[in-house]
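K.L.:
got a sequence here, can you build the structure:
(2 chains)
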2 protein chains.
Amino acid sequence: MSVEGLGRRGLALVLSSPSGAGKTSIARGLLAQEPELEMSVSVTTRPMRPGEVDGKDYYFVSQTEFDRLVAANDLLEHATVFGNSYGSPRARVEATLSAGRDVLFDIDWQGTQALSGKIKPDLVTCFILPPSIDALRQRLTTRAADSPEVIAGRMAKAASELSHFPEYDYVVVNENLDESIAQVRAILVAERRRRERVKGLVEFVRGLQGD
Amino acid sequence: MSVEGLGRRGLALVLSSPSGAGKTSIARGLLAQEPELEMSVSVTTRPMRPGEVDGKDYYFVSQTEFDRLVAANDLLEHATVFGNSYGSPRARVEATLSAGRDVLFDIDWQGTQALSGKIKPDLVTCFILPPSIDALRQRLTTRAADSPEVIAGRMAKAASELSHFPEYDYVVVNENLDESIAQVRAILVAERRRRERVKGLVEFVRGLQGD
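P.N.:
Next up, the predicted model:
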């Protein structure tokens, strides 16, 4: 058997973080550098925001359609956050992983927990931290007109999300965007080489041994 | 607490492979790209070969001196292979790991097993495979004058060493040297970001939460 006989299942790389940690920029940079990596686009019932694109940022669906997807077992995981429902469509993810390609998830700790129950051996999870509380506050102050109460509310939400970091395999502190992208990319490259992910190794080594 | 408050213990990166898989070239390339990485230079009782440098390739010692190191518990691991003794000096490795810097080991499966009992949480192990049996045979044919018996003996030794790949965390198939160096380097970069290796995370996150 030659090197061509070696294969692998794809891996599901999850990035989670509180808003304001820069996760979306890291995901975008990673996708640009890893053209083989596919983004898992979530479905959501929340309204589309200005600048968002249906089918790119999310699939925007009605609650009825969302409930139908859940009932049909078409979502790999789903959760409700502040009254809006979010979920990861199953079919595309499973087909991509089976084809030996990797899928990137930008989901929160609830989604990660749910996913963990479904595709644990394929899952690699990474939590992104902001470098300081000042950097976090700055990124959560989206407009100069934001009231102290609005900002305090966002900080409290971030604090609650931050408490879930111990559930993740890797932690990246996003001090410098390029450095953070390089670190997440190294995680992807390394995890692909984990022995238990490489298929056909026993036969390959047997070939090297001359059997 | 700021990012400066985050620290880590160093990690012990082990590269093992049968002779002829190109491990030494990978180690050399990695050390050139990662100046912070320290090579663990083994002690051995085997005679120095032409071109080898004492204190760089190995510390060449007498059997009496080797036995003294073992008795004094100065070796982290040691093993005897074909009548020659090999071991990893303890003090330097432990000091380097404690200082948060990483140590590279070029040792065989026996050394890796012994090390695993000693510094398991700091250990990351990687097995290097040649890309084909022809490439292996070619690399083990060091001189045109090598007899078929000599080559067959080396191939049998390699086959026996290859059987230990399932004991390793990662597997790199050395088809292309630069690519293999990049993969091993990614393993190093990724493992540094493993949550359980980062010290001070709880306090750092508490700072982000405003506590």
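K.L.:
Three-state assignment for the residue minimising distance to the centre of chain A, please.
P.N.:
Among the residues of chain A, the one closest to the centroid is residue A:105, at 2.3 Å (Cα atoms, centre = their mean). When states are read from DSSP: H, G, I helix; E, B strand; the rest coil, the local structure at residue A:105 comes out as strand.
K.L.:
measure it to residue A:15 for me?
P.N.:
Computed as Cβ to Cβ, to the nearest Å, the residue A:105 to residue A:15 distance reads 7 Å. For glycine as for every other residue, the C-beta is placed from the backbone atoms N, C-alpha and C.
K.L.:
kindly report the same for residue A:5.
P.N.:
Taking Cβ to Cβ as the criterion, residue A:5 is separated from residue A:15 by 32 Å.
K.L.:
so which of those two has more stuff around it?
P.N.:
Here residue A:5 and residue A:15 are compared on neighbour count by other Cβ atoms under 10 Å in any protein chain shown; more neighbours surround residue A:15, at 24 against 12.
K.L.:
for that one, give me its contacts.
P.N.:
With contact taken as Cβ atoms under 8 Å, 6 or more residues apart in numbering or on different chains, residue A:15 is in contact with A:23, A:26-27, A:104-106, A:126, A:128, A:184.
K.L.:
now name the helix or strand holding it.
P.N.:
For residue A:15, the element it lies in under DSSP states H and E is strand A:12-16.
K.L.:
do the same with residue A:188
P.N.:
Under the assignment here (DSSP H and E), residue A:188 is part of helix A:177-192.
K.L.:
report the mean per-residue pLDDT for whichever helix or strand comes after that helix.
P.N.:
If you walk from helix A:177-192 toward the C-terminus, the next helix or strand you reach (DSSP H and E) is strand A:198-199. Strand A:198-199 shows a mean pLDDT of 92.
K.L.:
buried residues of the helix or strand that comes right after strand A:198-199, list them for me.
P.N.:
Using DSSP H and E, the helix or strand that follows strand A:198-199 towards the C-terminus is helix A:201-208. Judged by neighbour count using 16 or more other Cβ atoms under 10 Å in any protein chain shown, the buried positions of helix A:201-208 are A:201, A:204-205, A:207-208.
K.L.:
and those residues near chain B, which?
P.N.:
A:201, A:204-205, A:207-208 (Cβ under 8 Å from any Cβ of the partner chain).
K.L.:
show me where chain A has strands.
P.N.:
Secondary structure of chain A by DSSP state E: the strands cover A:7-8, A:12-16, A:38-39, A:43-44, A:59-60, A:75-81, A:84-89, A:103-106, A:123-129, A:170-173, A:198-199.
K.L.:
leaving out sequence neighbours, find the closest residue to residue A:85.
P.N.:
Nearest residue to residue A:85 in three dimensions, chain neighbours excluded: residue A:45, at 4.5 Å (Cβ to Cβ, 6 or more residues apart in numbering or on different chains).
K.L.:
surely that neighbour is in contact with residue A:82?
P.N.:
No. In this structure, residue A:45 sits apart from residue A:82 without contact. The criterion is Cβ atoms under 8 Å, and the distance is 11.2 Å.
K.L.:
out of these two, which sits in the more crowded spot?
P.N.:
Comparing residue A:45 with residue A:82 by other Cβ under 10 Å, the one with more neighbours is residue A:45, at 19 against 6.
K.L.:
ok, the spatially closest residue to residue A:74 that is not a sequence neighbour - contacts?
P.N.:
Spatial nearest neighbour of residue A:74, chain neighbours left out: residue A:90 (5.6 Å); criterion: Cβ to Cβ, 6+ apart. Under the criterion of Cβ under 8 Å, 6+ apart, the contact partners of residue A:90 comprise A:73-76.
K.L.:
check residue A:78 too.
P.N.:
Residue A:78 sits next to A:66, A:69-70, A:85-88, A:111, A:114 when contact means Cβ under 8 Å, 6+ apart.
K.L.:
pLDDT value on it, please?
P.N.:
Looking at residue A:78, its pLDDT is 93.
K.L.:
what do you get for residue A:20?
P.N.:
Reading off the per-residue confidence, residue A:20 sits at a pLDDT of 84.
K.L.:
how close does the nearest residue to it once chain neighbours are set aside get to chain B?
P.N.:
Counting by Cβ to Cβ, 6+ apart, the nearest residue to residue A:20 once its immediate chain neighbours are dropped is residue A:139, at 3.8 Å. Using Cβ to the nearest Cβ, to the nearest Å, one obtains 12 Å as the distance from residue A:139 to chain B.
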